[in-house]
Each structure stands twice: as C-alpha cells, then as structure tokens.
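Peer 1: Give me coordinates for this.
(one chain, ligands or ions: 1)
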Amino acid sequence: MYDVIIIGAGIAGTTFASKISKYAKTLLIEAQDYKKEIPIRTNVFPEHNRPFIKEEIDWNNKGIFPSPHTKSNYMSDEFNGVIDSTEFGIPLGNMCYTENLLEKLLNQLEEQGGTFKSNERISKINRHHDYLELINSKGESYKTRLLALATGSRGFDLQRSLGFEIPDHYTGALIHLFGDENKINENLEYNYVFHINPKISTNGPFYFNKGKERIATGFLGGTNESKEAIIEKLDRILKNYKRIQPIVDGLKYDLSATVAGEISKHPIKKFSNDRVLVLGEATGLVTAFFYEGLLPGVACADIATKTIKPLFEKDSNFNQLELKEYDKEVKRVLFPYFKNGNALEYLIYNEGSHVKSLWRLYTELLNENKLARKYIYEAYINQDLSKHNTSNDRYVGEKWFGKLPTLSKITLSPKFFKAMLL
Ligand SMILES: Cc1cc2nc3c(=O)[nH]c(=O)nc-3n(C[C@H](O)[C@H](O)[C@H](O)COP(=O)(O)OP(=O)(O)OC[C@H]3O[C@@H](n4cnc5c(N)ncnc54)[C@H](O)[C@@H]3O)c2cc1C
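Peer 2: Numbers count the residues shown, from 1 in each chain. Model prediction:
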C-alpha cells in the first residue's frame, strides 16, 4: 500500500512527488516513456514561480535554466511592446529547459526513497472504503491511501471517472527551431515573444521562447481544429509570415517533430474529493490569456504538500472536508493574479473586428508608458501572488481604453467596463 500515488509526471506531478516523498511512501506513474526521452520543452519560468520550488531547485542551475529572462516582447503587426527587466531591476525570471527540470525532480523523488514508473498508463481506478485501487493497461494494480491526479489535458476520462469536471481545452502546436547560439541571438533579441494575429488564431497567441541553441515556437488554436490542420498551418506560418521571417531565417526544424495537443484553461469548481487531489493543468489552472501553466503546477504541488503533510502525521482518512483546505488555498494564492488574464482574454480572444487594433494599441501603450511596463514587470517578479495588485491592471486598462478612437470608445466601453469587473 502506498501513502500517495501520483498519476502524471509533468511539472505538477514531479514537483509534488519530489516534495511529498520526504514524508510519505510515494509512487509516480507516467504514460510516456521517459527512459527513452523526456520530451524537450523550452519555457518561460517567471520569477513569481520561484517561491514554490526554491527548496528543490537551484535558480542558478544552467542545465535547467540556460539563461535569465530579461526581455519580453508583446508584439503586434506594428509595435514591439518590450518589457526589459534592466529598466527596473532583477530579471523577469529564467528561461527553462523543462525536461532537465523534470529529470532533476525525478532524481530527488528516487533519492528520497520514492518510486517512478514510466511507460505505464493507468486506465481504471476503483474506490474502496479506506483506499483506492489503480489498474494499469497491463492489468496490474496498485493500492494507495491518497491519489493525486496530475494528468494535464491528457487524462480527462480518468478525471471524469472520479467525479471531477474537466476544463475547457484547445488545440495547440509546438515545434523547436535549432541553430547555433550566435545565430539564435542574431535572429532573436527577446527571450519571449507573445504575438496576437487574428488570422493565426482568435483563441490564443503565437509565441517564441528562446533557449541557447533552440527556440520553441507555436500557437494555440481553436477547440475543433484537427492536429493535422494545425501542424500544416504552423508550417505555412513559419515559411510565409513576413513579420516573423527574421526570427526563423536560417534555423532548422523538423515538421514531423511537431507536438500537437490539448491545453486547458478556465478552472473547474472543485480540485479535491475524498482521497483525491487534482493538480496543475488538469484543474484548468492555466492563465487565460498568457497560457502560463508551470506556475499553477508548482503552486498546486507546494500547496498540496503543505495540506497533506499534517494529515499524514495525524493518520487522517483524507476526507473531502480535510482536503477542501487545498482548494481554498490554491484559490487564495492564484486567483488574484488570474483576474488579469481573465480580463485580457475577454477583451482580446474573440471573433470581433477590434482584435487587431486593440492589440496594436496595447503594444503601443507598453512602448510609450513606463508605468504600464513597470506594473507588468512587478507582476513577473512578485513573490506573493495572493497580493497581486489588481489596481495596477486597472491602470493599464484605463490607459489602454484612453487610446481608443472616439467611435471605438463608444462601442467598446461596455466591454472594458465588464473586463474591469471580471
Ligand atoms: C505550446 C505550449 C507552450 C507553453 N509554454 C509555457 C511557458 O513558456 N510557460 C508556462 O508557464 N507554461 C507554458 N505552457 C503551459 C504549461 O506547459 C502546461 O500548462 C504545464 O506544463 C502543465 O503541466 P502539468 O504537470 O499540469 O501537465 P502535463 O505536463 O500535461 O503532464 C501530465 C502528464 O500526465 C501523463 N498522463 C496523463 N494521463 C495519464 C494516465 N492515465 N496514466 C499515466 N500518465 C498519464 C501525461 O503523459 C503527461 O506527461 C505551454 C503550453 C503549451 C501547449
């Protein structure tokens, strides 16, 4: 019998495994074959993630964090809205080779006596009075006192079978472009480029995340786009879209290595029930506008550990009432910051004819207004997101609204008003 079994070895599952295995007999199970390869990912890892992982991960580990994140470009067809951390102080965070981060956390799990099994899919879960029984696709079973579902957007059937809702989800495509370090730096000045073009998608951004010898790029599309269609579209964009040609120029990519998959957002109502916790993207905790998902992964893992540790000490039966503290704390810590993303999502991700001009004005505002840039900088580096200052977001919203031509002001004022209340 295990104390805890975690399903899913993404950021949420591995962080939780590394933390909780100090106190409990832990098993982590992953469907993908990590022995062959942990899939490579180049991600933005903001400074505000650091408090949740500071005991496990050295911020100066260059294998995990190849470079500091100093420059973000919120890019429109006309403007570069650049947040340059050197204007205000410390870096915005680190760029992250997430496969190396996961590997480090998995090593810690094993060093602390925990067990990791990869290339194994859990297909069924049976509830018993005082334990849960997990059955894998080979018919083998495991027993546990507590289960953590950290299955991202790839375990919805399992999630439903345990009585949880599933979040809204959209299809995205991701590919890596490769080149030597000098060429990468010559092509791309910014660590992170976030671009909105309604011709690419009205549901999400096109982006670039810069590593040392690689750049991750891709976009997030609609709910009903097929994987084939989204991969073809990505290829067309990389080959033909003029605005990004200087970034792509001379770099190599293999279209067959494109990863197309689901990404969720809009949190479900409950993250726990008897003997079960849901962590990370499976809860829909991904910021609605920027699609930040590593933050909720590490935050859920940290909060779950703090909730569960005293329960093990008092030999709890992990009932819903006790686990509800986890839901409450996750919402307290993350929701103030999430409000900003909800408002931006409401204003920008829709079919309306204003999307392009609204995004252009937003990027122009960042270009010309130092205080707006400072407020965004402060959100990146905030060490306590439960105290995220929503009046700063309101300031940016008001200045943005102020830039609209008179006619658009009349048409869009109800939308802006509603966005401020979200
Ligand atoms: C293209 C793209 C770029 C992104 N860039 C960033 C970024 O720069 N910064 C950022 O903060 N966020 C980013 N995100 C979001 C972020 O990467 C994700 O939200 C986050 O990694 C989700 O972590 P997770 O651990 O919750 O889930 P996942 O990483 O999806 O892990 C879930 C794991 O569970 C396993 N699993 C599922 N079902 C089963 C089962 N039945 N049995 C066993 N295993 C199972 C899966 O194989 C998977 O490995 C990006 C997302 C996308 C799509």
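
Peer 1: who's in contact with stretch 339-352?
Peer 2: Stretch 339-352 is contacted by residues 196, 202-204, 287-290, 292, 355, 358-359, 379, 388, 390, 393, 397, 415-416, 418-420, 422 when judged by C-beta atoms under 8 Å, 6 or more residues apart in numbering. C-betas here are computed from N, CA, C, even on glycine.

Peer 1: Go through those residues and flag which are in helices.
Peer 2: Val355, Leu358, Trp359, Ala379, Thr390, Asp393, Gly397, Lys415, Phe416, Lys418, Ala419, Met420 (DSSP state H).

Peer 1: and the residues you listed, which are buried?
Peer 2: For the ones in helices among the contacts of stretch 339-352, a burial check counting by 16 or more other C-beta atoms under 10 Å picks out Val355, Leu358, Trp359, Ala379, Asp393, Gly397, Lys415, Phe416, Ala419.

Peer 1: Using TSV, please lay out the residues you listed together with pLDDT and distance to the ligand.
Peer 2: Below are these laid out as TSV (pLDDT from 0 to 100; distance: C-beta to the nearest ligand atom, whole Å):
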residue	pLDDT	distance to the ligand
Val355	90	21
Leu358	94	23
Trp359	95	19
Ala379	97	13
Asp393	94	19
Gly397	95	23
Lys415	90	27
Phe416	91	27
Ala419	90	23
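
Peer 1: Which one of those residues is nearest to Met75?
Peer 2: Closest to Met75 out of those is Trp359 (9.2 Å), distances taken as C-beta to C-beta.

Peer 1: residues in contact with the nearest residue to that closest one once chain neighbours are set aside?
Peer 2: Leaving out its chain neighbours, the residue that sits closest to Trp359 by C-beta to C-beta, 6 or more residues apart in numbering is Ile196, at 4.4 Å. Applying C-beta under 8 Å, 6+ apart, one finds that Ile196 lies in contact with Ser76, Pro205, Phe206, Ile348, Val355, Lys356, Trp359.

Peer 1: ok, of those residues, which one's closest to Ile215?
Peer 2: Phe206 (12.6 Å).

Peer 1: Any idea what that closest one is bridged to?
Peer 2: His195, Phe219 (DSSP bridges).

Peer 1: Double-check it against Lys233; I have them as touching.
Peer 2: No: using C-beta atoms under 8 Å as the test, Phe206 is too far from Lys233 to be in contact (10.5 Å).

Peer 1: all helices for the stretch 201-350 of the chain, in order.
Peer 2: 227-240, 245-248, 294-313, 320-348 (DSSP state H, counting those that start in this stretch).

Peer 1: Do the longest one and the ligand come into contact?
Peer 2: No: judged by C-beta under 6 Å from any ligand atom, helix 320-348 makes no contact with the ligand; its nearest approach is 11.9 Å.

Peer 1: Quick check: residues of the stretch 51-200 of the chain near the ligand?
Peer 2: Counting by C-beta under 6 Å from any ligand atom, the residues of the stretch 51-200 of the chain near the ligand are Arg121, Ile122, Ala150, Thr151, Gly152, Arg154, Gly155, Leu158, Gly172, Leu174.

Peer 1: Mark which of these are buried, thanks.
Peer 2: Neighbour counting by 16+ other C-beta under 10 Å classes Ile122, Ala150, Thr151, Gly152, Arg154, Gly155, Leu158, Gly172, Leu174 among these as buried.

Peer 1: and the residue of the stretch 251-400 of the chain nearest the ligand?
Peer 2: Gly293 (1.7 Å; C-beta to the nearest ligand atom).

Peer 1: who are the neighbours in contact with the spatially closest residue to that residue that is not a sequence neighbour?
Peer 2: Counting by C-beta to C-beta, 6+ apart, Val286 is the residue found nearest to Gly293 once chain neighbours are left out, at 4.2 Å. Shown in contact with Val286 (C-beta under 8 Å, 6+ apart): Ile263, Ser264, Lys265, Glu292, Gly293, Pro296.

Peer 1: give me that answer again for 6 Å
Peer 2: The contact partners of Val286, by C-beta atoms under 6 Å, 6 or more residues apart in numbering, come to Ser264, Lys265, Gly293.

Peer 1: on that earlier part again, list just the nearest of the buried ones among the residues of the stretch 51-200 of the chain next to the ligand to the ligand.
Peer 2: Of all these, the ligand sits closest to Gly152, with 2.2 Å by C-beta to the nearest ligand atom.

Peer 1: quick one: contacts for Arg275?
Peer 2: Shown in contact with Arg275 (C-beta under 6 Å, 6+ apart): Leu132, Leu146, Phe318.

Peer 1: Swap in 10 Å and give it another go.
Peer 2: By C-beta atoms under 10 Å, 6 or more residues apart in numbering, the contact list for Arg275 reads 127-128, 130-132, 144-147, 162, 316-320, 323.
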